[in-house]
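> I would like the atomic coordinates for the input below:
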Amino acid sequence: MGMKLDWGNTVNQFMRSVNRTTKDFERDLSIAIRMTVDEVLNRVRKATPVESGRLRQSWKKSRIGRKSYKYLIENNVMYASFIENGSRHVVPVKMLRNAMEYGRGRLKRRLRLLKQKYNRDL
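Numbering: from 1, shown residues only. Sure thing, here's the model as predicted:
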């Protein structure tokens, strides 16, 4: 005595939903990271002290790699590191460090929400 079990349709439907969910997750993750990077960049700009405005205007973000979740926030003004870290004549402002700490917390919160959303969907 035997019985043939054919769950092909059920498995195929599940695989399609997983593939669709994976694409949606990658898109949502990319959006969450971009939003966080933009928030960090805005916070750095706002925290940058202004005398001539050159330092504040020189903050830039760039993506490292095409399909990467890595970004670089940089400033090419020569004295930016002295403002950030201080020197014997300048008190450190820590604009980049403080913004990065804020961004880390925001990203963790967004990732928790994504995890809840996609655990519910599967």
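
> contacts, neighbours, all on C-alpha from now
Will do.

> low-confidence stretches in this protein?
Flagging of the chain using pLDDT under 70 yields the residue ranges 1-8, 10-11, 14, 121-122.

> residue 90: what's it in contact with?
Counting by Cα atoms under 8 Å, 6 or more residues apart in numbering, residue 90 touches 82-83.

> ok, so what distance separates it from residue 56?
Residue 90 sits 17 Å away from residue 56 when distances are taken as Cα to Cα, to the nearest Å.

> swap in residue 82?
According to Cα to Cα, residue 82 and residue 56 sit 14 Å apart.

> comparing these two, which residue is more hemmed in?
When neighbours are counted by other Cα atoms under 10 Å, residue 56 comes out ahead of the other of residue 82 and residue 56, with 19 against 16.

> now do the SS call for that one.
helix (DSSP: H, G, I helix; E, B strand; the rest coil).

> doesn't residue 41 make contact with it?
No: in this structure residue 56 lies outside contact range of residue 41 using Cα atoms under 8 Å: 10.4 Å.

> for the helix ranked longest in the chain, name the packing helices and strands.
Determined from DSSP state H, the single longest helix within the chain is helix 8-47. With contacts taken as 3 or more Cα pairs under 8 Å, 6 or more residues apart in numbering; DSSP states H and E, helix 8-47 sits against helix 54-57, strand 59-64, helix 95-121.
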